[in-house]
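Student: Pasted the sequence and its predicted model underneath.
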Protein chains: 2
Amino acid sequence: MSRSRTQFAILALVRIQPMSGYEIREFCRTRLRHFWNESFGQIYPTLTQLAADGLVRPAERADNPRATYYELTEPGRASLREWLARAASPRMVRDELLLKLFCGDEATPAVLLEHVTVARQQAQAELDSLSEASRELEMYAHDHPDNPYWQLMLRAGRLGFEARLQWCAEAEAVIAARPGPDKETTRG
Amino acid sequence: MSRSRTQFAILALVRIQPMSGYEIREFCRTRLRHFWNESFGQIYPTLTQLAADGLVRPAERADNPRATYYELTEPGRASLREWLARAASPRMVRDELLLKLFCGDEATPAVLLEHVTVARQQAQAELDSLSEASRELEMYAHDHPDNPYWQLMLRAGRLGFEARLQWCAEAEAVIAARPGPDKETTRG
DNA sequence: TTTTAGATATATCTATTAGATATTATGAGT
DNA sequence: ACTCATAATATCTAATAGATATATCTAAAA
């Protein structure tokens, strides 16, 4: 099959429980967004392909006749396991804020400070969200065999956002000390 | 023009000094990779477009007749400044290792440990590389008006990789303590 | 000296994924 | 009843990753 990782993201999710395409998207968006994302553009065609290949099985639900739920099959599980044994691709990051800072002297400190403040607020909100998620896992999934891994997954996010917050604080201090068009002397 | 950010990455780079398409790619790959990347597939068509729009100017070099160097024009600088004043898109991360950990109980601890060890080694190499880059900037660009921003840029990378290393250490400890097919009792 | 490997340089192509849009049905609030 | 938001599916366009092709130059090896 293709090199696309959407298939494995989907298999990983329906391994936990049967899900509709929409639910898969929402799960990614609400619980995995600090390290993964999937769009409808990938989800639906991939679900169709996975079903054709026998890796997931479409099913209906009496309590929600509108949605199609997809369940993991044994061949799907085997495919997931093969992928898990393979080396992971390097982490990919794309951070427009840092690109803007790269040519920071072309902007005013005030506008850069604004950008960093927004980033700090976002990082704080994400950190809070991950901390809450960690507590919920402790409460509801403490004995789940995946729980230690889930906690590691969240831990990665929290450490990352803590580092981001630290950086924002430092960046704000440095930028605030920069001379700008509305400053007459260097602020020490 | 389009929503593509390749144009701004290119403008940012040729703002520092004139560069060829290849040099732009190399600069991204060697110095910006912890937060940005550009492929030839984007660079060359975008350079052509930027030149057509008058935002960069192609020039030849007597010392390298083979390469076309692109210089920033004043309209190009103005375009860069407009972009700098706009809010930055959220940081995007894609981390296959965490996706694998998400369904970690479907794999053996040994294989997961291997993945985390590889990630740790990569993070250490990147951290070393960024520390070296920071030292070089201090030596060669200390008085450059962009230097404080460049140092912040590198600082973001270092804090990020330090957090990653911290996480790897924790993950290794947790995973090593997991029972696996080659372990008869829980290792404490 | 010749050959080979690696780097430089440009260009374009395919594959993957982000992001947006469209349609329909349902549920909640006014 | 009407309006708005959400759920659900599907697909389309735009952006970007990654690979490939060709040519030339330089350095190292034979």
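Tutor: Great, that's in hand. Keep in mind it's a predicted model, so treat the numbers as computed, not measured. Numbers count the residues shown, from 1 in each chain, chains lettered A, B, ... in the order given.
Student: give me every residue that touches residue A:32.
Tutor: The neighbourhood of residue A:32, defined by C-beta atoms under 8 Å, 6 or more residues apart in numbering or on different chains, consists of B:99, B:102. C-beta: built from backbone N, CA, C; applies to glycine.
Student: Do you know the pLDDT at it?
Tutor: The per-residue pLDDT reported for residue A:32 equals 96.
Student: same thing with residue A:183?
Tutor: 57.
Student: Likewise for residue A:2?
Tutor: The score at residue A:2 is 76. That number is its pLDDT.
Student: and it, which of the three is it?
Tutor: Three-state assignment for residue A:2 (DSSP: H, G, I helix; E, B strand; the rest coil): coil.
Student: Tell me how far it lies from residue A:40.
Tutor: 18 Å (C-beta to C-beta, to the nearest Å).
Student: neighbour count winner among the two?
Tutor: Using other C-beta atoms under 10 Å in any protein chain shown as the criterion, residue A:2 and residue A:40 rank with residue A:40 on top: 11 against 8.
Student: contacting residues around the helix or strand containing residue A:84?
Tutor: Assessed by DSSP states H and E, residue A:84 sits inside helix A:74-85. With contact meaning C-beta under 8 Å, 6+ apart, helix A:74-85 is reached by A:7-8, A:11-12, A:14-15, A:50, A:53-56, A:72, B:100, B:103, B:106-107, B:111-112.
Student: Wondering if that helix reaches DNA strand C at all.
Tutor: No: judged by C-beta under 7 Å from any atom of the strand, helix A:74-85 and DNA strand C are separated, with a smallest distance of 12.1 Å.
Student: Give the buried residues for that helix.
Tutor: Using 16 or more other C-beta atoms under 10 Å in any protein chain shown as the test for burial, helix A:74-85 gives A:76, A:79-80, A:83-84.
Student: Can you tell me which of those comes closest to residue B:88?
Tutor: residue A:83 (33.3 Å; C-beta to C-beta).
Student: longest helix anywhere in chain A?
Tutor: Longest helix of chain A, by residue count under DSSP state H: helix A:109-140.
Student: quick check, distance from it to the centre of its chain.
Tutor: 13 Å (C-alpha atoms, centre = their mean, to the nearest Å).
Student: try stretch A:170-179
Tutor: 29 Å.
Student: For chain A, which segments count as helices?
Tutor: Going by DSSP H, chain A shows helices at A:6-16, A:21-27, A:40-53, A:74-85, A:96-102, A:109-140, A:147-176.
Student: Up against DNA strand D, what does chain A have?
Tutor: Counting by C-beta under 7 Å from any atom of the strand, the residues of chain A close to DNA strand D are A:20-23, A:25-26, A:39-41, A:43-45, A:47-48, A:64, A:66-68, A:89, A:92, A:94.
Student: Of these, keep whichever come out buried.
Tutor: Neighbour-count burial (16+ other C-beta under 10 Å) applied to these gives A:20-21, A:23, A:25, A:43, A:47, A:68, A:94.
Student: Intersect the residues you listed with the contacts of chain B.
Tutor: Within the set of these, contact with chain B (C-beta under 8 Å from any C-beta of the partner chain) is found for residue A:94.
Student: could you redo the buried ones among the residues of chain A next to DNA strand D as JSON lines and give each row distance to residue B:159 and pLDDT?
Tutor: Putting these into JSON lines (distance: C-beta to C-beta, whole Å; pLDDT from 0 to 100) gives the following:
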{"residue": "A:20", "distance to residue B:159": "39", "pLDDT": "96"}
{"residue": "A:21", "distance to residue B:159": "37", "pLDDT": "96"}
{"residue": "A:23", "distance to residue B:159": "35", "pLDDT": "96"}
{"residue": "A:25", "distance to residue B:159": "31", "pLDDT": "97"}
{"residue": "A:43", "distance to residue B:159": "34", "pLDDT": "97"}
{"residue": "A:47", "distance to residue B:159": "38", "pLDDT": "97"}
{"residue": "A:68", "distance to residue B:159": "44", "pLDDT": "95"}
{"residue": "A:94", "distance to residue B:159": "17", "pLDDT": "96"}
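Student: Check the buried ones among the residues of chain A next to DNA strand D and tell me the two furthest apart.
Tutor: Across those (C-beta to C-beta), the longest gap, 32.9 Å, separates A:68 and A:94.
Student: Check the contacts of helix A:74-85 for burial and list the buried ones.
Tutor: Judged by 16+ other C-beta under 10 Å, buried ones among those: A:7-8, A:11-12, A:14-15, A:50, A:55-56, A:72, B:100, B:103, B:106-107, B:111-112.
Student: contacting residues for residue A:147?
Tutor: So residue A:147 contacts A:137, A:141 (C-beta under 8 Å, 6+ apart).
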